[in-house]
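Engineer: fold the following for me, if possible:
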Amino acid sequence: MPVVNPYAPLLAAIDVTRDQAQVLGAPTAYWSYGPADAATTIIAVHGFRGDHHGLEPVVAHLPGVRVLSPDLPGFGASPALPGRAHDLDSYAEWLRAFALQVDPAGEAVILGHSFGSIVASAAVAAGLPTPRLILVNPIGAPALEGPRGLLTRLAVFYYWAGARLPARMGDWLLRSPLIVRVMSSAMAKTRDPELRAFIHDQHDRYFSDFADRDTLRHAFRASVSHDVSEFAHRISQPTLLVAAERAYITPIEKERALALRFADAVLVEIPRVGHLIHYETPDAAARAIAEFLDLPADAVAG
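Structural biologist: A predicted model of the protein is given here:
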């Protein structure tokens, strides 16, 4: 039975083009959504193991905004960076270089989701110019600590084993549809069967589209070895945190504490959702973004 994308009608009404930029010795594929002459531009950075598709439901609800959405190096249509470990320093340097190419004036708002929230925060803290910062499902506390530390360590072992096993076996393990489905089921909170089917389909399609197992392991280590709280005190720009009350990775109490670390931050809590705000409640995320950016009252579609 075909899986229905509930956000397809809204997305179809938005102009989209694919382009690429040469960044740190490799092409970065990126997609431009919305009018080229829009008053507001957002550079949107997706999370670990995903690609630009993951943020499309949020983009679909902001038709008047220009959104530049790259695939992170080593994921989706962007190859790995040559001769570099894919650690947080490399990803933050990549984002600064990418933004300089597509937004030389430094006027674009930077948005990061999940692992992208760490990359975006690290880049802005290191000097990436932006008028405002938006973090959706920010990783607000160390993943190796707290009640979920054991599960994170099991995941560390999973990615380590995937990189150490013979190539064919390791690649099969890392791309296993069963494991992808377990991850997807653990993160999804909605009880709507059609929406759950869409979420699983998205993960089935894009969660295993990575360049190679070493890049994946390095990126995973970066995602669990750092968090946004490391960089918050060095960020002076107004910042929006869009957090989930039922977040699986960072509990909402930690997100509330994270907001206090910024010089100027607004926290919006979305009820009855977990780590998949971008799939389950993109309309609520879009409304929070529109209000934060002082967009017109009719800026949010749907």
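
Engineer: and the worst-scoring helix or strand of the chain on mean pLDDT, how far out from the chain middle?
Structural biologist: Least confident element among the helices and strands of the chain, by mean pLDDT, DSSP states H and E: helix 149-164 (a mean of 80). Offset of helix 149-164 from its chain centre (Cα atoms, centre = their mean, to the nearest Å): 21 Å.

Engineer: then stretch 212-221?
Structural biologist: Centre to centre, stretch against its chain (Cα atoms, centre = their mean), the figure for stretch 212-221 is 16 Å.

Engineer: model confidence over it, on average?
Structural biologist: Average pLDDT, stretch 212-221: 93.

Engineer: put the alpha carbons of that stretch into CSV.
Structural biologist: Taking C-alpha atoms only, stretch 212-221 is exported to CSV below (Å, rounded to 0.1, in the frame of the first residue of the first chain):
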residue,chain,number,x,y,z
ASP,A,212,30.7,4.9,4.3
ARG,A,213,30.8,3.3,7.7
ASP,A,214,33.9,5.2,9.0
THR,A,215,32.3,8.6,8.2
LEU,A,216,29.1,7.4,9.9
ARG,A,217,31.0,6.3,13.0
HIS,A,218,33.0,9.5,13.3
ALA,A,219,29.8,11.6,12.9
PHE,A,220,28.0,9.5,15.5
ARG,A,221,30.9,10.0,18.0
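
Engineer: what's the angle from the helix or strand following the least confident helix or strand of the chain to helix 149-164?
Structural biologist: Of the helices and strands lying after helix 149-164 in sequence (DSSP states H and E), the nearest is helix 167-174. Helix 167-174 and helix 149-164 are oriented at 150 degrees to each other (axes from the mean of the first three to the mean of the last three Cα atoms, to 10 degrees).

Engineer: could you pull up the mean pLDDT of helix 167-174?
Structural biologist: Per-residue scores along helix 167-174 average to 93.

Engineer: likewise for stretch 120-131?
Structural biologist: Stretch 120-131 comes out at a mean pLDDT of 98.

Engineer: how many residues are close by residue 121?
Structural biologist: 30 (other Cβ atoms under 10 Å). (C-beta placed from N, C-alpha, C; glycine too.)

Engineer: tell me how far the ends of stretch 246-257 are from each other?
Structural biologist: One end of stretch 246-257 to the other measures 16 Å (Cα to Cα, to the nearest Å).

Engineer: now for the least confident helix or strand of the chain, which elements pack on it?
Structural biologist: helix 167-174, helix 213-225 (3 or more Cβ pairs under 8 Å, 6 or more residues apart in numbering; DSSP states H and E).

Engineer: buried set for that helix?
Structural biologist: 152, 155-156, 158-159, 162-163 (16 or more other Cβ atoms under 10 Å).

Engineer: swap in stretch 206-221?
Structural biologist: Applying a neighbour-count criterion of 16+ other Cβ under 10 Å, one finds 206-208, 210-211, 213, 215-221 buried in stretch 206-221.

Engineer: low-confidence ranges, the chain, go.
Structural biologist: 1, 144-151 (pLDDT under 70).

Engineer: and the strands in it?
Structural biologist: 16-23, 26-33, 41-45, 66-70, 109-113, 133-136, 239-244, 265-270 (DSSP state E).

Engineer: okay, these in a markdown table with mean neighbour count and distance to residue 233 next?
Structural biologist: As requested, those are arranged in a markdown table below (neighbours: other Cβ atoms under 10 Å; distance: least, Cβ to Cβ, whole Å):
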| stretch | mean neighbour count | distance to residue 233 |
| --- | --- | --- |
| strand 16-23 | 14 | 28 |
| strand 26-33 | 21 | 29 |
| strand 41-45 | 25 | 21 |
| strand 66-70 | 24 | 27 |
| strand 109-113 | 27 | 17 |
| strand 133-136 | 30 | 13 |
| strand 239-244 | 26 | 12 |
| strand 265-270 | 18 | 11 |
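
Engineer: next, format the ones you listed as a markdown table and append distance to residue 143.
Structural biologist: Listed next are those as a markdown table, based on distance: least, Cβ to Cβ, whole Å:
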| stretch | distance to residue 143 |
| --- | --- |
| strand 16-23 | 27 |
| strand 26-33 | 26 |
| strand 41-45 | 18 |
| strand 66-70 | 24 |
| strand 109-113 | 15 |
| strand 133-136 | 16 |
| strand 239-244 | 16 |
| strand 265-270 | 20 |
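
Engineer: brilliant, that's me finished.
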